[in-house]
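Student: Predicted model and sequence below, questions to follow.
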Amino acid sequence: MLTLKIEGLQKNYRKFQALKNINLQMETGLFGLLGPNGAGKSTLMKILSTSLPFQDGKVTIYDFDLVKEGDKVRQLLGYLPQHFNVPTQFTGKEFLHYVASMKGITNQQERHLQVEKVLEEVNLLPQANKKIKGYSGGMKRRLGIAQALLGNPKLIILDEPTAGLDPSERIRFRNLIEKLSKDRSIILSTHIISDIESSCENAAVIHHGEVLFQGATDALAEKAINVVWEVSVPYSEYDQIEKEYVIISSRKEKENVVFRVLSIDAPFDEATPVQPTIEDGYMAVINGVIS
Ligand code: ADP
Ligand code: MG
């Protein structure tokens, strides 16, 4: 079933075109919205959450028109904005009760049940009665997810939910997202491809307000077939390599550095072609280096 359909969406901030004729479709499950900073991810997500008007186009969420049936759409949605500030003097539980009331869950017993359920889902029950002030970055982010889950939304919009997390929090977070996406649809934006690599089957890449790719993440990886190479050179040649190729990553190997680079032609004779990953495909699409 189609969760989301976007047709010909245009968004301008005064004269600046932030989204140019966006066409996207999303089915149930986890969908990755990928793009570098400034691509238009947050703009798109604010529009989907019904909090930002747009100039042109049509957005349909579960058969409801986002503009004409905004109230119905809002009931189906949970949203975690990129810059989500929580009032730190509350406890986690108090904050969730407050959000639940705002979402119209006025029956006290129902609200209690829902708050306990979402706390459990994000694994925050042990800290529920502690002040948010003392929460770690990862805990605050999980609280952000918990508030998005209130009201049992069918579609959850998470805008860069992993930004600023340390490596162990990041892994924990990925597991949570994977678990949550089993029985809901989630659209998650990020510029860190490893966030979605293990759990996400479908994705779109946006850049400068345009969709450059959409489809299966496997197909995204395939965009970089025959254009990913490893070259081993002394570190002193870094500048040269950087000038000529798009560098994806590098690792040290004895006296040399092995660069993973994008290039349509073999960089030089000793270069070895390598199997592309999703990140390679993403980098190839963003930099226009596709075979
Ligand atoms: P992303 O979330 O992918 O980093 P954004 O949607 O935040 O991208 O921004 C896309 C572009 O729109 C950027 O160039 C940004 O500077 C611009 N932009 C975002 N919000 C505004 C605004 N309120 N007014 C003017 N320009 C904006
Ligand atoms: Mg953003």
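Tutor: Thanks, I have the structure now. Ligands and ions are numbered 1, 2, ... in the order given.

Student: thought Asp195 was touching Ile171?
Tutor: No - counting by Cβ atoms under 8 Å, Asp195 stays clear of Ile171, with 10.2 Å between them. (Each C-beta comes from the backbone N, C-alpha and C, glycine too.)

Student: Counting neighbours, go ahead and name the busier of the two.
Tutor: Asp195 (23 against 14; other Cβ atoms under 10 Å).

Student: C-alpha coordinates for stretch 203-212, PDB please?
Tutor: Listed next in PDB are the C-alpha coordinates belonging to stretch 203-212 (Å, rounded to 0.1, in the frame of the first residue of the first chain):
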ATOM      1  CA  ALA A 203      15.500   5.400  -0.300                       C
ATOM      2  CA  ALA A 204      15.600   8.600  -2.200                       C
ATOM      3  CA  VAL A 205      18.500  10.900  -2.700                       C
ATOM      4  CA  ILE A 206      17.900  14.700  -2.900                       C
ATOM      5  CA  HIS A 207      20.400  17.400  -3.700                       C
ATOM      6  CA  HIS A 208      19.800  21.100  -4.300                       C
ATOM      7  CA  GLY A 209      16.100  20.500  -4.000                       C
ATOM      8  CA  GLU A 210      15.900  17.800  -6.600                       C
ATOM      9  CA  VAL A 211      15.400  14.100  -6.500                       C
ATOM     10  CA  LEU A 212      18.500  12.400  -8.000                       C
END
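
Student: Figure out how far that stretch is from the centre of its chain.
Tutor: Per Cα atoms, centre = their mean, to the nearest Å, the displacement of stretch 203-212 from the mean C-alpha position of its chain is 12 Å.

Student: In it, which residues are buried?
Tutor: For stretch 203-212, the neighbour count (16 or more other Cβ atoms under 10 Å) marks Ala203, Ala204, Val205, Ile206, His207, Gly209, Val211, Leu212 as buried.

Student: Kindly report the same for stretch 140-157.
Tutor: 140-151, 153, 155-157.

Student: OK, contacts around the residue positioned nearest the centre of the chain?
Tutor: For the chain, the residue lying nearest the average C-alpha position, counting by Cα atoms, centre = their mean, turns out to be Ser189 (1.8 Å). For Ser189, the contact set (Cβ atoms under 8 Å, 6 or more residues apart in numbering) comprises Gly32, Leu33, Leu34, Gly35, Lys41, Ser42, Leu44, Met45, Gln82, Leu158, Asp159, Glu160.
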